[in-house]
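J.: Fold the following, please.
(chains A and B)
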There are 2 protein chains.
Amino acid sequence: MENKIVKYFSQITSLSQDEASVLEEGMVVTHLKKDTFLIRDGQISIDTYFIIEGCLRQYCLIDGEEKTTNFFTEGQWVISLTGLTQNTPSFHNLVCMEETSLVIGNEQKAQELFKKFPRFETLARVVVEKSFAEQQQLMTAYHTDTPEERYLKLQRSRPDLFQRVSQYHMASYIGVKPESLSRIRKRIAKNKL
Amino acid sequence: MENKIVKYFSQITSLSQDEASVLEEGMVVTHLKKDTFLIRDGQISIDTYFIIEGCLRQYCLIDGEEKTTNFFTEGQWVISLTGLTQNTPSFHNLVCMEETSLVIGNEQKAQELFKKFPRFETLARVVVEKSFAEQQQLMTAYHTDTPEERYLKLQRSRPDLFQRVSQYHMASYIGVKPESLSRIRKRIAKNKL
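T.: This is a model prediction of the structure:
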């Protein structure tokens, strides 16, 4: 299997043979079945995930109802920092929507790697900055976009999600009831004619 | 003046005399008048700010109306990564609500510093992670908290804001009309009796 995490880092900076080898050896891929939970709300999580293949759904429970807050797929990082920097329990649940392969990392493993290969600290900073930037854009979208705009943006930026995710979870993610999502889809289809 | 940015970093890790000196000399403090804009929406911003003294308000315009999305005060960082990593124009405006003193940094300055003092890269990573964690908590709060819960949380976590920020902007920040904020305040006052 081609090593996706090596490929990912190579796109940020060129890796030496040594650096590539240490990543290939050190990054153990974990395979998880559909419906496996990686985090349940209330747990303190200090792990970071890099998704090789598959799809995770992040959600929180509000008055007993699931509110989907994110989907993570191949090539994305899931970084939960509240557990790491503030020892705060997670508000979120994180569950596999498909069979998923991922690499699990944490601060301790990262520190060991940085000691041997200081340049990895630069990579880590870039990864955190990219995830932070994505998060900032999501946050802005919550303020500025209507559910219909969110739907259209998703169609452009993450078309694969529409094949992988149920209408029910998609509706929750863009912030409407499933009935409203049907109306939005009909309206968009009509406008395209 | 005691150097607040040196003090800030010293809380994360102990600095050598050399490291403290380079920070003290390199970090130029800029003084800004009330109502000065640091970013206007549509501009591409690659700067990062560390606030020494004062208060910034971040807001975006939605259908011509200002929606306040954050307040930043002493000891906080303002990190806008979308300009840096994706060359995307800012959706936000950033304006001084008081006379404000801050240090302005950017990626180029940071890289120069990292070359001379590699340990600063660790500090940079910690700073970005802390800001990211704060942002994740804000994002979660948007999903899970009612405006009243947001108000109560702010009273606990940032009591100074209530002396510094108008009711109007506070209402926008917690996501209600000013009239509703008055009702929330009355209800909270009554519950405390």
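
J.: what helix or strand does the residue nearest to A:Glu148 when sequence neighbours are not counted sit in?
T.: Nearest-residue entry for A:Glu148: A:Ile184, 5.1 Å, with adjacent residues in sequence omitted and distances by CB to CB, 6 or more residues apart in numbering or on different chains. The C-beta positions use only the backbone N, C-alpha and C, and glycine is treated the same way. Per DSSP states H and E: A:Ile184 is located in helix A:178-192.

J.: now swap in A:Phe162 and tell me
T.: Using DSSP H and E, A:Phe162 falls within helix A:161-164.

J.: what mean pLDDT does that helix have?
T.: The average pLDDT within helix A:161-164 is 94.

J.: Give me the packing partners of it, helices and strands only.
T.: Here helix A:161-164 touches strand A:65-73, helix A:147-157, going by 3 or more CB pairs under 8 Å, 6 or more residues apart in numbering or on different chains; DSSP states H and E.

J.: Save these as a markdown table, and put in mean pLDDT and mean neighbour count too.
T.: Rendered in a markdown table, the data for the helices and strands packed on helix A:161-164 read as follows (pLDDT from 0 to 100; neighbours: other CB atoms under 10 Å in any protein chain shown):
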| stretch | mean pLDDT | mean neighbour count |
| --- | --- | --- |
| strand A:65-73 | 93 | 18 |
| helix A:147-157 | 92 | 15 |
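
J.: Looking at these, which is nearest to B:Phe162?
T.: B:Phe162 sits nearest to strand A:65-73 of all the helices and strands packed on helix A:161-164, at 28.9 Å, using CB to CB.

J.: what about the closest one, near chain B?
T.: Yes. Interface with chain B: strand A:65-73 contributes A:67, A:69 (CB under 8 Å from any CB of the partner chain).

J.: sorry, back to before: quick check: buried residues in the helix holding A:Phe162?
T.: Using 16 or more other CB atoms under 10 Å in any protein chain shown as the test for burial, helix A:161-164 gives A:161, A:164.

J.: Please state the offset of that helix from the chain centre?
T.: 15 Å (CA atoms, centre = their mean, to the nearest Å).

J.: what's downstream of it, the next helix or strand?
T.: Following helix A:161-164 toward the C-terminus (DSSP H and E): helix A:167-174.

J.: name the helices or strands packed onto that next one?
T.: strand A:65-73, helix A:147-157, helix A:178-192.

J.: Which stretch among those approaches B:Ser131 most closely?
T.: strand A:65-73 (18.6 Å).

J.: What mean pLDDT does the strand or helix carrying A:Asp18 get?
T.: For A:Asp18, the element it lies in under DSSP H and E is helix A:17-26. Here helix A:17-26 scores 86 as its mean pLDDT.

J.: who touches A:Phe114 in this structure?
T.: A:120-121, A:124, B:122 (CB atoms under 8 Å, 6 or more residues apart in numbering or on different chains).

J.: Over to A:Lys109?
T.: A:Gly26.

J.: so what's the spatially most distant residue from the centre of chain A scoring on pLDDT?
T.: When each C-alpha in chain A is compared with the mean C-alpha position (CA atoms, centre = their mean), A:Leu193 comes out farthest, at 33.9 Å. Note on A:Leu193: pLDDT of 70.

J.: any idea how far it lies from A:Leu152?
T.: Applying CB to CB, to the nearest Å, the value for A:Leu193 to A:Leu152 is 16 Å.

J.: Chain B contacts on chain A?
T.: Residues of chain A found near chain B (CB under 8 Å from any CB) are A:60, A:62, A:67, A:69, A:79-82, A:84-86, A:88, A:91-92, A:114, A:118, A:121-122, A:124-125, A:128-133, A:135-140, A:142-144.

J.: got a list of what the residue sitting nearest the centre point of chain A touches?
T.: Nearest residue to the geometric centre of chain A (CA atoms, centre = their mean): A:Phe72, 3.1 Å. By CB under 8 Å, 6+ apart, the residues touching A:Phe72 are A:49, A:51, A:55-56, A:58, A:78.

J.: try it again with 7 Å
T.: If you count contacts by CB atoms under 7 Å, 6 or more residues apart in numbering or on different chains, A:Phe72 has them with A:51, A:56, A:78.

J.: Three-state assignment for the last one, please.
T.: Think A:Val78. strand (DSSP: H, G, I helix; E, B strand; the rest coil).

J.: pLDDT value on it, please?
T.: 92.

J.: coming back round to it: I'd like to know which of the helices and strands packed on helix A:167-174 is closest to B:Arg40.
T.: helix A:147-157 (22.0 Å).

J.: Remind me what that closest one packs against, helices and strands.
T.: helix A:167-174, helix A:178-192 (3 or more CB pairs under 7 Å, 6 or more residues apart in numbering or on different chains; DSSP states H and E).

J.: Go through these and find the least confident stretch.
T.: helix A:178-192 (a mean of 90).

J.: Go through it and flag the buried ones.
T.: Buried-residue list, helix A:178-192, by 16+ other CB under 10 Å: A:181, A:184.

J.: Which elements pack onto it?
T.: Applying 3+ CB pairs under 7 Å, 6+ apart, one finds that helix A:178-192 contacts helix A:147-157, helix A:167-174.

J.: orientation of that helix relative to helix A:167-174 in degrees?
T.: 80 degrees (axes from the mean of the first three to the mean of the last three CA atoms, to 10 degrees).

J.: which outside residues touch helix A:178-192?
T.: With CB under 7 Å, 6+ apart, helix A:178-192 has contacts from A:147-148, A:151-152, A:167-168, A:170-171.
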